[in-house]
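[1] Predicted coordinates and the sequence they were generated for:
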2 protein chains.
Amino acid sequence: MSSAPPPGRGPKVRAAVLAAAVAELGEYGYAAFAVDNVARRAGVHKTTVYRRWPDRDALITDALADSVAAEIPIPDTGSVEDDLRALADGLVSWIESPSGRAVLAVMLPNITDQPQPPAGVRHVFRDRIRRALPIVERAVARGELGPGTDAAEMIKALVAPIYFRALITREKLDHRTAEAAAQLALTAAHAGLFG
Amino acid sequence: MSSAPPPGRGPKVRAAVLAAAVAELGEYGYAAFAVDNVARRAGVHKTTVYRRWPDRDALITDALADSVAAEIPIPDTGSVEDDLRALADGLVSWIESPSGRAVLAVMLPNITDQPQPPAGVRHVFRDRIRRALPIVERAVARGELGPGTDAAEMIKALVAPIYFRALITREKLDHRTAEAAAQLALTAAHAGLFG
């Protein structure tokens, strides 16, 4: 196998380093995040990490963006109600996952903490909303929702009660949480609150 | 004035120390909170602080509970719509105030941070919801809302979109945010989603 990539350069290394970065963030948060610890956890030398990511913020941004894109499926069942319920269920599961903990650990402390997370990380949540907009747009195209429905407002109404329970009241999240969130968003949309 | 309290024991000292504690939390967060800095900010000796509060967690819990109780007015206008709008407006203002920043700074980082905030602090948000329940209960008594309306669920639906914008999407909060939150909660209540 003389054509194999040299150690430290294959896609497996990239995946291992990004997964290690997500795990580190979930356990220790943004302020304590160190490239050395990520390298140790991934089983590679830290120069291997620095060869691909010039600094810790570049690594964090890449790790979270990859993780979010891979782990939040955008449903397309043909029914807006089923899509919203599936999206809400996915969010409930994600919040308790290593990736969810990592993203929230990076995003939330920064009201007071220094250093501040990089701008790329702060866009992770907006990107997630953007990726879910087709759920509403397809429902409008099918005639399930009114033509003026603001897709971003509707998706935010869907996810807000879930984040609120996870972060503020610290309630247990389950399928009923997701179901209630979907019903709330649908009811508001049918009442014309999003357009 | 021989009956004046000795220095360091009057209600003014208590108020000054609690206000200094809130300001410290809002600026530096929970992990960096130090009684010495609070004493310096309040212009009292640290033994004066320790005489009233045995440890920093007791001081933090007292400071946040007092601050929240004083700064979140619970409206009673005679109309559930006006009450909800006023409560949402109050929340929008509070989130940007020193007290709001202090409470959120203590509550949110603790997904990963050590030490963990005291249990008393974690109950601050639940206490706030509990204090707002009469808005819904009075509306039920007046016949504006159905008799089975779950007051806590309705208040949570009102405030969730506001916290979500403040913490997750970092949007600007204004009167329109409050108005939309009130309409969402009312529409959902009239559709029977809270009972």
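    It's in.

[2] Can you tell me how far the residue positioned nearest the centre of chain A is from A:Ala188?
    Nearest to the mean C-alpha position of chain A, counting by C-alpha atoms, centre = their mean, stands A:Val68 at 3.7 Å. According to C-beta to C-beta, to the nearest Å, A:Val68 stands 25 Å off from A:Ala188. Every C-beta, even on glycine, is put in place using the N, C-alpha and C of the backbone.

[3] Dihedrals phi and psi, A:Val17?
    With angles defined as degrees, to the nearest 10, A:Val17 sits at phi -70, psi -40.

[4] Would you check that it makes contact with A:Arg52?
    Yes. At 7.3 Å, A:Val17 counts as touching A:Arg52 under the criterion of C-beta atoms under 8 Å.

[5] Next one: the nearest residue to A:Val103 once chain neighbours are set aside from A:Ile95, what distance?
    In space, and not counting its chain neighbours, A:Val103 is closest to A:Leu64: 5.5 Å by C-beta to C-beta, 6 or more residues apart in numbering or on different chains. Note on A:Leu64: its distance to A:Ile95, by C-beta to C-beta, is 14 Å.

[6] Without its sequence neighbours, what residue ends up closest to A:Ala19?
    A:Ala42 (7.4 Å).

[7] That neighbour contacts A:Ala20, correct?
    Yes. A:Ala42 is within contact range of A:Ala20, at 3.9 Å (criterion: C-beta under 8 Å).

[8] quick revisit: list the contacts of the residue nearest to A:Val103.
    Listed by C-beta atoms under 8 Å, 6 or more residues apart in numbering or on different chains, the contact set of A:Leu64 reads A:22, A:25, A:99, A:102-103, A:106, A:121, A:124.

[9] Now the two most distant members of those residues.
    Between any two of the contacts of A:Leu64, the greatest separation by C-beta to C-beta is 13.1 Å, found for A:Ser99 and A:Val121.

[10] A:Val103 contacts A:Val124, doesn't it?
    Yes. The pair A:Val103 / A:Val124 is scored as a contact, 6.0 Å apart, by C-beta under 8 Å.

[11] between those two, who's got more neighbours?
    Neighbour comparison, A:Val103 and A:Val124: the larger count goes to A:Val103, with 26 against 19 (by other C-beta atoms under 10 Å in any protein chain shown).

[12] what's the spacing between the more buried one and chain B?
    For A:Val103, the distance to chain B equals 10 Å [C-beta to the nearest C-beta, to the nearest Å].

[13] May I ask which helix or strand encompasses that residue?
    In this assignment (DSSP states H and E), A:Val103 forms part of helix A:98-107.

[14] And for that helix, what's in contact with it?
    A:22-26, A:28-30, A:60, A:63-64, A:67-68, A:71, A:94-95, A:117, A:121-122, A:124-125, A:166-167, B:111-112, B:168.

[15] what is the mean pLDDT for that helix?
    On average, the pLDDT along helix A:98-107 is 75.

[16] Run the chain-centre distance for it.
    Relative to its parent chain, helix A:98-107 has a centroid offset of 8 Å by C-alpha atoms, centre = their mean, to the nearest Å.
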